[in-house]
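# Okay, here's the prediction I keep looking at, along with the sequence it came from:
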Amino acid sequence: MTRFRKQPILQILSLNLLLSLFQASPALAIQSHGPPEGLYVHLFGHTLYGLAMLGFAFRIRISRLARDKAWRLMAIGAVLLACWNGWAIIAHVVAKNISADHFLLNQQGIRTALVMDTPVSWFYYLLKMDHLICVPALVFMYLALRKMNSRASSTTTGNTL
């Protein structure tokens, strides 16, 4: 009897969830930093994150963990994330040297396109492709964690989640 009562509630909740997804408003997830303190704090965060990743990779390299392939993959991912942070710092500095008139705005006033007429704008465009470093870094870390997990699950028997 209780099984039949729960089913309409799940259907109503599922329908409400679907309807709310179709009525979603723009997220406007881009946050601009207040001049100049916000940018300084953001760059400081990139610096600390990059140094932490370099320290992490260095600690792996000088320890006996470097003998394990999974930890070597983790160290490669950490070095790539440190490089990504350096890349992002340079991109933020270059972005400050591009004037607002180099961007085309849409109807809502959001920057949608870059007018590429100077070497600085081309360099900025190249620097905005930071995913070319960040995604491989995360793939290396994923492969390392997957290898560690498969090794841990093969050594433990009888433990199931």
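Structure's in. What do you need?
# Show me the helices in the protein, by range?
With DSSP state H as the criterion, the chain has helices at 2-22, 37-62, 69-96, 119-127, 131-155.
# most centrally placed residue in the protein?
In the chain, the centroid-proximal residue (C-alpha atoms, centre = their mean) is Cys134; its distance is 7.0 Å.
# Confirm for me that that residue is in contact with Cys83.
No - judged on C-beta atoms under 8 Å, Cys134 makes no contact with Cys83 at a distance of 9.3 Å. C-betas here are computed from N, CA, C, even on glycine.
# okay, the closest residue to Trp87 other than its chain neighbours: pLDDT?
Closest residue to Trp87 apart from its sequence neighbours, by C-beta to C-beta, 6 or more residues apart in numbering: Asp130 at 5.2 Å. Asp130 carries a pLDDT value of 93.
# tell me the phi and psi of Asp130?
phi -70, psi -10 (degrees, to the nearest 10).
# residues in contact with it?
Going by C-beta atoms under 8 Å, 6 or more residues apart in numbering, Asp130 touches 84, 87-88, 91.
# can you list the residues you listed in JSON lines and add neighbour count, distance to Ile60 and pLDDT?
As requested, those are exported to JSON lines (neighbours: other C-beta atoms under 10 Å; distance: C-beta to C-beta, whole Å; pLDDT from 0 to 100):
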{"residue": "Trp84", "neighbour count": "23", "distance to Ile60": "18", "pLDDT": "97"}
{"residue": "Trp87", "neighbour count": "19", "distance to Ile60": "22", "pLDDT": "96"}
{"residue": "Ala88", "neighbour count": "21", "distance to Ile60": "23", "pLDDT": "96"}
{"residue": "Ala91", "neighbour count": "17", "distance to Ile60": "27", "pLDDT": "94"}
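# can I get these in TSV with distance to Met148?
Below are these laid out as TSV (distance: C-beta to C-beta, whole Å):
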residue	distance to Met148
Trp84	22
Trp87	27
Ala88	28
Ala91	32
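# any idea how far Pro36 is from Lys128?
21 Å (C-beta to C-beta, to the nearest Å).
# Same question for Pro26.
21 Å.
# Name the residue in these two with the higher neighbour count.
Lys128 (13 against 7; other C-beta atoms under 10 Å).
# correct me, but that one touches Ala91?
Yes - the pair Lys128 and Ala91 qualifies as a contact (C-beta under 8 Å) at a distance of 6.5 Å.
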